[in-house]
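K.L.:
got a sequence here, can you build the structure:
(one chain, ligands or ions: 3)
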Amino acid sequence: MPERGLLVSAPGKVILHGEHAVVHGKAALAVALGLRTFLRLRHGGGGRLCVCLPGVGVRREWDVAELRVLRDRIAADFDESKSPSVEQLDVLKEFAGIAADASAPDSLAVLAFLYMCLAISAKYGDVPSVDIAVWSELPTGAGLGSSAAYAVCLAAALLHACRAISCPLKDGEATARWTEEEMTLINSWAFQGERVIHGNPSGVDNAVGTWGGALRYQSGKITSLKRVPTLRILLTNTKVPRSTKVLVAGVKEKIVKFPAIMNPVLDSIDAISQECQSVLEAMPTNPSPEYYPVLEELFDINQHHLNVIGVGHPSLDRLCRVTASHGLHSKLTGAGGGGCGITLLPPDATPLAVEAAKRDLCACGFECWETDIGAPGVTLHSSSSLNAEVLHALAES
Ligand SMILES: Nc1ncnc2c1ncn2[C@@H]1O[C@H](COP(=O)(O)OP(=O)(O)O)[C@@H](O)[C@H]1O
Ligand SMILES: C[C@@](O)(CCOP(=O)(O)O)CC(=O)O
Ligand SMILES: [Mg+2]
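P.N.:
Ligands and ions are numbered 1, 2, ... in the order given. Got it, this is the predicted structure:
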């Protein structure tokens, strides 16, 4: 398997509570989504490194010898515990022909790729001569953690290509996972990729992409939530584009400007995450409707808080109003400013009400769908375990 190549996937995520507050040391509750990013790595030869990212319209190819020289110019302090420096990123931008202030999806994707590739190869091996394609079921830049799923897949593939982690997939097996220790390494390098894309990420998204399931995340501490009930959640994409990096920076500015006003809001969001966790842990696996009013009220309060810290958007207000008119409660998820919202579907919501809400959301130009939560984290696949659509998308790349 290793010499033939590698197929790896990582899930997106939904943050139930704690987005933004988690960047400032508060807790977040997040679950892995049943929508994934897939990466195919093929061993090349010919001394070229090729990357194809159809989701952001990128097809680039470099000479491995040239990348070695570039790496040696900036390699002095590559480490998974150190943030990428401004100087390192400036050198990479110049090399890749990316403008100094570029924040377009393709530029950030190429920059994260180059940084991770050179940093990992500086630490563990040589710049690999490989052909990498990444394709995703996740919408890009919509709050579902596409950046983290991309970074987790890259970290796993590049660490594998540099022989820093094993290949746990045995002949005849459909899927396999890495050991805890290997996943810790994947997670820490994925965090570096997130740093390139987001500027100042909390690490919650790459943790969910790596470990999967449902977890509480606070200041780097990951606690898996063991008994999470089967919640039904409707996801709605307002399709309003936004950048996590810009939104995270905006919240920071507000906190610096009005600390006495903003810090209590972050404390309150923290208390909401705590309260939500207690309710989830008290609920049986198949909960009866009586638990839902509290979860619904927590959604409403947090949505107001997120507006206060400046990450709301008229499209998200509209989403909340539309679902409220059908008795359903929603909040934004992820960085906000557009992107996705989540709506809780309690067991006593009638199919008629849910269908009517979906219809009205679609009439606003939004896209909505129900998806599984609690999906597995980073996974290695045999090609026979992937469906035809994924294989086709990766083969076309
Ligand atoms: N499939 C992908 N291929 C390449 N880059 C991707 C992919 N998915 C996400 N990205 C990178 O992540 C960025 C989006 O990250 P972000 O603004 O954090 O939104 P989110 O993580 O909510 O989707 C994109 O601009 C792009 O650089
Ligand atoms: C806003 C934040 O809490 C989540 C961002 O998620 P996304 O990139 O919008 O999927 C930032 C972070 O935790 O790094
Ligand atoms: Mg992101």
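K.L.:
drop to CA atoms for contacts and neighbour counts, all remaining ones
P.N.:
Will do.
K.L.:
which residues of the protein lie near ligand 2?
P.N.:
19-20, 22-23, 143-145, 201-204, 244, 248, 334-335 (Cα under 6 Å from any ligand atom).
K.L.:
filter those residues down to the ones in helices?
P.N.:
If you go by DSSP state H, these have 204, 244, 248 in helices.
K.L.:
using pLDDT, spot the least trustworthy of the residues of the chain next to ligand 2.
P.N.:
Scanning the residues of the chain next to ligand 2 for pLDDT, the low point is residue 244. It has 94.
K.L.:
return the residues in contact with the spatially most central residue of the chain.
P.N.:
Nearest to the mean C-alpha position of the chain, by Cα atoms, centre = their mean, lies residue 145 at 2.2 Å. Neighbouring residues of residue 145 by Cα atoms under 8 Å, 6 or more residues apart in numbering: 12-14, 205, 334.
K.L.:
do residue 269 as well
P.N.:
17-18, 21, 26, 302, 305.
K.L.:
report the secondary structure element holding it.
P.N.:
Using DSSP states H and E, residue 269 falls within helix 259-282.
K.L.:
next secondary structure element downstream of that helix?
P.N.:
Counting by DSSP H and E, what follows helix 259-282 is helix 292-308.
K.L.:
show residues contacting whichever helix or strand comes after that following helix.
P.N.:
For helix 292-308, the following helix or strand on the C-terminal side (DSSP H and E) is helix 314-324. Here helix 314-324 makes contact (Cα under 8 Å, 6+ apart) with 236, 238, 240, 329-332, 337-338, 340-341, 343, 357, 360-361.
K.L.:
sitting in helices, which of those residues do you find?
P.N.:
Going by DSSP H, the helices hold 357, 360-361 from these.
K.L.:
from the residues you listed, which is closest to residue 137?
P.N.:
Nearest to residue 137, judged by Cα to Cα, of those is residue 361 at 20.9 Å.
K.L.:
ok, that closest one - contacts?
P.N.:
236, 319, 322-323, 367-368.
K.L.:
who wins for neighbours among the residues you listed?
P.N.:
residue 319 (27 neighbours; other Cα atoms under 10 Å).
K.L.:
near ligand 1, which residues of this protein?
P.N.:
Checking the chain against ligand 1 by Cα under 6 Å from any ligand atom, the hits are 53, 55-56, 105-106, 108-109, 134-136, 140-148, 150, 198, 243-244.
K.L.:
and the pLDDT at residue 286?
P.N.:
Confidence at residue 286, expressed as pLDDT, is 75.
K.L.:
tell me how many other residues crowd it.
P.N.:
Neighbours of residue 286 (other Cα under 10 Å): 11.
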